[in-house]
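Q: Just the structure for this:
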Amino acid sequence: MNTPVVLITGALTGIARATAFAFAQKGAKIVASGRHDAAGAALVAELRAAGTEAEFVRADVRHGDDVRALVDATIKRFGRLDIAVNAAGTEGQPGPTVEQTAETYAATFDTNVLGTILSMKHELRVMQAQGRGSIVNISSTFGHEGGAGASIYSASKHAVEGLTKSVALEVGSLGIRVNAVAPGPIQTGMLDRFTGGEEVKAYLATLNAQKRIGQPDEIARAILYVSSDDASFVTGHILTVDGGKSAG
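A: Numbering: from 1, shown residues only. Prediction:
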């Protein structure tokens, strides 16, 4: 479709924000969602200045009513939903497993896993009626490799990848594709919080073939590809974008 309608959760920062601008450059109509009205209004103003139709809808993906209203607002504004990018996520509280609690588990899983489930539930409600659609969930290389000090986050991204594959099998015959993109270390606020400083980031950069930290727009381009009709026979796939980290 030449002018797809794209819904992006967690769109106010990082990879999701870069994805919104990447879609805007392709002429897509965008519904950006997040939890902060002022930042949402500023993002939409920038997207419109770039020449695209865009709306902001405040939503917390941990709450089903918010997600239902978000998807309904998308349909009310643009009449359909072609692509959904489920990027809302949190790193939680990194640290040793013995320091984790039921509260740190819930804080991470409610956003990363429940939020993905609720988002797909309501996106699929619309896409099934349309008979087409593409969903891209955001995972991480920790979703299939694990990482010291990231047990809860890693477990949540394992869950996202399992959900992606399972839902792809459910809806593949209905004209709907479901994939995930799994970034390695990318220069975002989340990486800054997780590493706590440039020294750890510099070390992470040594672990991939390109010896550098990736940029959000590099992940955005991968999301554009896997969500597009160019990837029409790709579903249930986890696209790893990590500069060669997983090759070694």
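Q: which residues in the chain form helices?
A: Along the chain, the segments classed as helices by DSSP state H run 14-25, 37-49, 64-78, 102-109, 115-130, 142-145, 151-171, 189-195, 198-205, 216-227.
Q: Now for residue 136: which residues touch it?
A: Neighbour list for residue 136: 83, 84, 85, 86, 179, 180, 181, 223, 226, 227 [criterion: CB atoms under 8 Å, 6 or more residues apart in numbering]. (Each C-beta comes from the backbone N, C-alpha and C, glycine too.)
Q: Which members of these occur in strands, if any?
A: Per DSSP state E, strands hold the following members of those: 83, 84, 85, 86, 179, 180, 181.
Q: Can you pick out the most distant pair from the residues you listed?
A: The largest separation in those, counting by CB to CB, is between 83 and 180 at 13.8 Å.
Q: And those two? Which one has more around it.
A: residue 180 (28 against 24; other CB atoms under 10 Å).
Q: And residue 244, how close does it get to residue 212?
A: With distances taken as CB to CB, to the nearest Å, residue 244 is found 11 Å from residue 212.
Q: er, residue 238 actually
A: Distance from residue 238 to residue 212, by CB to CB: 22 Å.
Q: Neighbour count: the two, which is higher?
A: Set residue 238 next to residue 212 and count neighbours by other CB under 10 Å: residue 238 wins out with 19 against 14.
Q: low-confidence ranges in the chain?
A: 1 (pLDDT under 70).
Q: which one in it is furthest away from the centre?
A: residue 98 (28.7 Å; CA atoms, centre = their mean).
Q: Now residue 100: closest residue in space that isn't a chain neighbour?
A: Closest residue to residue 100 apart from its sequence neighbours, by CB to CB, 6 or more residues apart in numbering: residue 152 at 5.6 Å.
Q: And residue 78, by the same measure?
A: residue 5 (4.4 Å).
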